[in-house]
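Give the three-dimensional model of this entry:
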Amino acid sequence: MSSTRPTMRAVGAVPAYPDIKSYSPIWNELRVWEGDGWQRESLSWKESAYVAANLIGRMEFVITGPEAQKLLSQLSINNVWKWPVGRSKHLVMLSEDGTIANHALAVRDSEQQFRTLAGLPWPLIQAERLGMDVRIEARKIFILQIAGPKSLLVLEAMLEQSLSNVAFLDVVPIQVPGVEGAVELSRIGMAGTLAYEIRGAYDLGPAVYDAVYQAGRRWDIVRLGWRTYAVNHTEGGFPQLNVTFLPSMVFDPAVAGTRMESLSAPLSGSIPADDIRARLRTPQEVNWAWMGKLDHDFIGRDAFEREVAEPRRKTVTLRWDPDDVTDVFASQLKSGEPYKFIEFPVSPQQPAGGHADLVTKGGQAVGVSSAVVYSYYYRELLSQATVDLEEAEIGNTVIVHWGDHGHRIKQIRATVERFPYLDLPRNEDYDVDTAKRS
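Numbering: from 1, shown residues only. You can find the predicted model right below:
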């Protein structure tokens with residue numbers, strides 16, 4: 001093997017493989033739309049492995065200075081003072097009204113340096129408002145996600161070393177053969193099962209992607225495109241900004257007139273577009289209240305504390321009734337206005353954080369349903385929904401009002417199911433020795 005991989009033609013920030021025909025511009029970056037067929041991609045994190053570049057090109061915010069940790073403490077519901085160097089943490093940040101302004105994976109590099117990954121520039125905005133003694137640098141990076149029961153085997157084959165000692169949320173430096181540049185590996189992901197991320201300078205993305213793909217072909221690795229990406233969020237129980245809800249940051253005055261405002265569009269679904277609150281979430285509503293620690297002051301604490309004392313809603317999985325769904329497809333073949341089409345495997349197409357369908361019980365509003373996905377693995381249509389606690393019991397039946405406000409609406413019966421819906425070992429509990437033996 002040569003010491004340096006040859007320069008390859010890229011489409012956006014991924015290699016230009018001749019057998020990938022569909023790409024789509026998303027968040028100002030050209031991304032793979034469909035890699036190896038959405039059905040095969042849908043099975044990958046349960047049966048083999050995938051490599052995905054759906055977060056490539058997102059900004060990494062490097063926060064340094066004597067008040068870097070203090071800034072993150074004032075922004076986050078999490079306690080950030082018990083945070084070892086070289087570890088990741090999922091930070092949840094609020095607006096004053098208690099809705100989620102931003103959430104992001106963050107890494108602690110040293111005593112005075114932290115990085116937030118694939119999140120929004122909320123720390124930058126708030127650092128200026130709070131007058132904190134910090135420096136914040138925005139860097140464009142690549143993030144590759146490798147997930148599934150064979151993901152560890154793929155990575156070990158590529159790196160020619162054991163990764164068994166990389167624990168959940170660990171961050172370690174790696175050297176990808178043939179790629180010159182600093183790259184890191186972390187055991188984290190959105191698949192709901194064994195998963196890793198590789199991150200580094202943006203320009204290294206195509207070469208690292210190809211290194212993973214070539215190493216993984218032995219185990220039938222799949223190139224996961226954006227078309228199928230949100231299926232794993234819904235199956236795996238990961239509410240996500242711009243996927244299942246909107247960040248309240250985009251309605252902050254500091255964002256007015258900037259490109260960030262575009263994250264609030266389109267506002268689709270049976271709930272009227274002027275109901276912004278239906279498209280926002282609080283930590284309690286997405287089952288993240290457990291992350292909040294009331295041992296420090298943070299933006300939105302008063303609202304958070306009130307809701308924790310009197311919780312109203314939580315997120316559940318809804319399994320849609322197949323007969324009612326069939327009516328949606330049958331309407332496409334009849335005269336008159338059809339019901340809104342349900343695209344497979346995700347509808348509406350992502351990003352769709354502004355989508356909000358009304359959920360009712362006995363004619364009364366009881367919640368909000370996000371985009372629906374078709375799980376080819378389970379052969380079910382599923383959505384994440386935030387519903388009243390009294391309606392959140394598994395087996396309860398509710399009605400999802402499918403369609404766009406002002407147009408024909410189909411009332412679809414849906415059953416509250418387990419959350420997360422994926423019934424495989426979670427990443428944090430995964431026995432990596434089992435992964436190797438399999």
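
distance between the lowest-mean-pLDDT helix or strand in the chain and the chain's centre?
Lowest mean confidence among the helices and strands of the chain (mean pLDDT, DSSP states H and E): helix 432-437, at a mean of 74. Remark: helix 432-437 is offset 26 Å from the chain centroid, using C-alpha atoms, centre = their mean, to the nearest Å.

Can you show me the helices along the chain?
38-47, 68-75, 122-130, 151-159, 205-216, 226-236, 301-309, 322-330, 432-437 (DSSP state H).

closest to M260 out of those?
Closest to M260 of the helices of the chain, according to C-beta to C-beta: helix 122-130, at 9.7 Å. Backbone N, C-alpha and C define where each C-beta goes, glycine included.

How far off centre is that closest one?
A distance of 23 Å separates the centroid of the chain from that of helix 122-130, by C-alpha atoms, centre = their mean.

List the beta-bridge partners for V222.
Y50 (DSSP bridges).

Contact partners for it?
Residues near V222 by C-beta atoms under 8 Å, 6 or more residues apart in numbering: G35, D36, R40, E41, S44, S48, A49, Y50, V51.

distance of the nearest residue to the first one once chain neighbours are set aside from A365?
Once flanking residues are discounted, G35 sits nearest to R223: 3.1 Å by C-beta to C-beta, 6 or more residues apart in numbering. Separation of R223 from A365 (C-beta to C-beta, to the nearest Å) stands at 41 Å.

Of these two, which one has the most company?
When neighbours are counted by other C-beta atoms under 10 Å, R223 comes out ahead of the other of R223 and A365, with 25 against 14.

can you pull the pLDDT of that one?
With respect to pLDDT, R223 has a value of 97.

Ok, the one 10 residues further on next?
At H233, the predicted lDDT confidence score is 94.

For stretch 180-188, list every residue counted as buried.
Using 16 or more other C-beta atoms under 10 Å as the test for burial, stretch 180-188 gives V183, E184, L185, S186, R187, I188.

which ones are touching A138?
If a contact means C-beta under 8 Å, 6+ apart, then A138 has M59, E60, F61, V62, P121, L124 as its contacts.

I figured the first one hits R139, correct?
Yes: counting by C-beta atoms under 8 Å, M59 does reach R139; the two are 6.9 Å apart.

hang on, the earlier thing: closest one to P283 among the helices of the chain?
Evaluated with C-beta to C-beta, those place helix 301-309 nearest to P283, the distance being 6.5 Å.

now the angle from that closest one to helix 68-75?
With axes from the mean of the first three to the mean of the last three C-alpha atoms, to 10 degrees applied, the angle from helix 301-309 to helix 68-75 works out at 60 degrees.
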